[in-house]
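A.B. asks: Build the 3D model from these lines:
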Amino acid sequence: MGVNELSNYGKDIITIQKNTKLPIKSKIKIIRALLGFVGRLLWYMNPVGFIKFIKTVKLEKQKALQMDWTHVRAKGISEENLSSVISKQVVAKVMVDTLGYEQAAKIRNRFSDKCSYYILQEIFAKPEDFVKCGKGDFLLAFKEYYVALQDAMKKVGLEEYEVGIDTKDCFQMNITYCVYHEVAKALGNSMNCYYSTCYGDEVFFPKLCEQVNFEFKRQGTLATGKPCCDMTFIRK
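C.D. replies: All right, here's what the predicted structure looks like:
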């Protein structure tokens, strides 16, 4: 089996998510996590506040769609994908406006802790498949696969990247542009991208790496003011 034969090779994340059918067990875990997420919003906002929150999200999205997104569209993103990104970041913004950053992040991160792995594992090929393709070496196949993913992300205007380190024991992918960060920043607070989006990487990749005797490290993200979101995979 070649790397280009692995599931979802050369596709961007949004396309994969649209076409992926999650296993029943994963769906159940995600539904439970989603119910818990909504339940906590109801608890902290109360029912009346929650209804106001939903209405505010709708109004804020309408306003956001009317903003000047020329710099984002110039990267090649489709209107459908842009709308999807705006929706996610508007929810993150309104949660912070309503609850404050600390509480909003706590609730959203708890949701990510429970379900990000089950969502992202369906996007990436299985760890054992990378090992098989690399003839026993996870990193050999993984980095080829990851570069193909990022090439697809760049093609549809979602992200841009640079390879920082590429040795037999360490691979570093640096995300230098991210549309989620750009939208969050334009809406007033780039940190909203961290708790609503970047944090999921920090749930998924360590668990992926543990299965193949690798370690995932990150120094920072665009959302936290760093020049890139660094994704580093190191052989133990």
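A.B. asks: can we go C-alpha only for contacts and neighbour counts from here?
C.D. replies: Noted.
A.B. asks: Can you get me a residue count around E5?
C.D. replies: 12 (other Cα atoms under 10 Å).
A.B. asks: That one and K21: what is the separation?
C.D. replies: 19 Å (Cα to Cα, to the nearest Å).
A.B. asks: Give me the phi and psi for the residue lying closest to L42 once chain neighbours are set aside.
C.D. replies: Leaving aside its sequence neighbours, L42 sits nearest to F50 (Cα to Cα, 6 or more residues apart in numbering; 5.8 Å). Note on F50: backbone dihedrals following degrees, to the nearest 10 are phi -70, psi -40.
A.B. asks: next one: T232
C.D. replies: phi -120, psi 130.
A.B. asks: Could you look up the SS state of the residue lying closest to it once chain neighbours are set aside?
C.D. replies: Spatial nearest neighbour of T232, chain neighbours left out: Q172 (4.2 Å); criterion: Cα to Cα, 6+ apart. Secondary structure, DSSP: H, G, I helix; E, B strand; the rest coil: Q172 is strand.
A.B. asks: same thing with G164?
C.D. replies: Per three-state DSSP, G164 ends up strand.
A.B. asks: That one and I175 touch, don't they?
C.D. replies: No. Counting by Cα atoms under 8 Å, I175 is not a contact partner of G164; they are 9.9 Å apart.
A.B. asks: Of these two, which one has the most company?
C.D. replies: A direct count of neighbours by other Cα under 10 Å for G164 and I175 places I175 higher, at 20 against 14.
A.B. asks: pLDDT score assigned to the more buried one?
C.D. replies: We have a pLDDT of 97 for I175.
A.B. asks: Might one say that it is in contact with C229?
C.D. replies: Yes. Here I175 reaches C229: they are 4.9 Å apart, a contact under Cα under 8 Å.
A.B. asks: spatially speaking, which residue is in the middle of this structure?
C.D. replies: Geometric centre of the chain, nearest residue: T197, 4.6 Å, by Cα atoms, centre = their mean.
A.B. asks: how close does that residue get to K217?
C.D. replies: With Cα to Cα as the criterion, T197 and K217 are 17 Å apart.
A.B. asks: show me where pLDDT drops low in the protein?
C.D. replies: For the chain, no stretch is flagged by pLDDT under 70.
A.B. asks: Mind doing that once more with 80?
C.D. replies: Scanning the chain for pLDDT under 80 picks out the ranges 1, 20, 22.
A.B. asks: Can you identify each of the strands in it by residue range?
C.D. replies: If DSSP state E is used as the criterion, the strands of the chain fall at 159-166, 170-178, 214-217, 229-235.
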